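Colleague: next one to model:
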Amino acid sequence: MSGVFGVVSKGDCVADLFYGTDYHSHLGTVRGGLAVKNGQGFSRFIHDISNAQFR
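Modeller: Residues are numbered from 1 along each chain as shown. Alright, predicted model coming up:
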């Protein structure tokens, strides 16, 4: 089972994105990560969590 969480805001929403994604992180079984868009484009942070203790 997987899950998707997103935030759209004109203000700073980093905390909402982090805690919302952390809450849903137990749904993933192989990969987990974040993607954010700023003025320069998208930044991705994707990790292999298949061997993580708390997935």
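
Colleague: from here on, contacts and neighbour counts on C-alpha atoms
Modeller: Noted.

Colleague: can you pull out the strands in this structure?
Modeller: For the chain, the strands defined by DSSP state E cover 31-38, 41-48.

Colleague: of the ones you listed, which is nearest V14?
Modeller: strand 31-38 (9.1 Å; C-alpha to C-alpha).

Colleague: next, the buried residues of the closest one.
Modeller: Neighbour-count burial for strand 31-38, counted by 16 or more other C-alpha atoms under 10 Å, picks out G32.

Colleague: CA atoms of that strand as CSV?
Modeller: Extracted C-alpha coordinates of strand 31-38, given in CSV (Å, rounded to 0.1, in the frame of the first residue of the first chain):
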residue,chain,number,x,y,z
ARG,A,31,10.8,4.0,-1.2
GLY,A,32,10.0,7.2,0.6
GLY,A,33,10.8,10.8,-0.1
LEU,A,34,9.8,14.4,-0.7
ALA,A,35,9.6,16.6,-3.7
VAL,A,36,9.4,20.4,-3.5
LYS,A,37,9.2,23.1,-6.2
ASN,A,38,10.7,26.6,-5.8
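
Colleague: OK, contacts around the residue nearest the centre of the chain?
Modeller: What sits nearest the mean C-alpha location of the chain, by C-alpha atoms, centre = their mean, is L34, with 3.3 Å. Residues near L34 by C-alpha atoms under 8 Å, 6 or more residues apart in numbering: T21, R44, F45, I46.

Colleague: tell me how far the last one lies from G33.
Modeller: The one in question is I46. Distance of I46 to G33, given as C-alpha to C-alpha, to the nearest Å: 4 Å.

Colleague: got it, and the first one?
Modeller: Look at T21 and G33: by C-alpha to C-alpha, they are 8 Å apart.

Colleague: swap in the second one?
Modeller: In this view, R44 and G33 are 7 Å apart by C-alpha to C-alpha.

Colleague: quick one: the helices in this structure, in order.
Modeller: Ranges of helices in the chain, per DSSP state H, are 14-24.

Colleague: contact partners of stretch 4-11?
Modeller: C13, D16, L17, G20, T21, H24.
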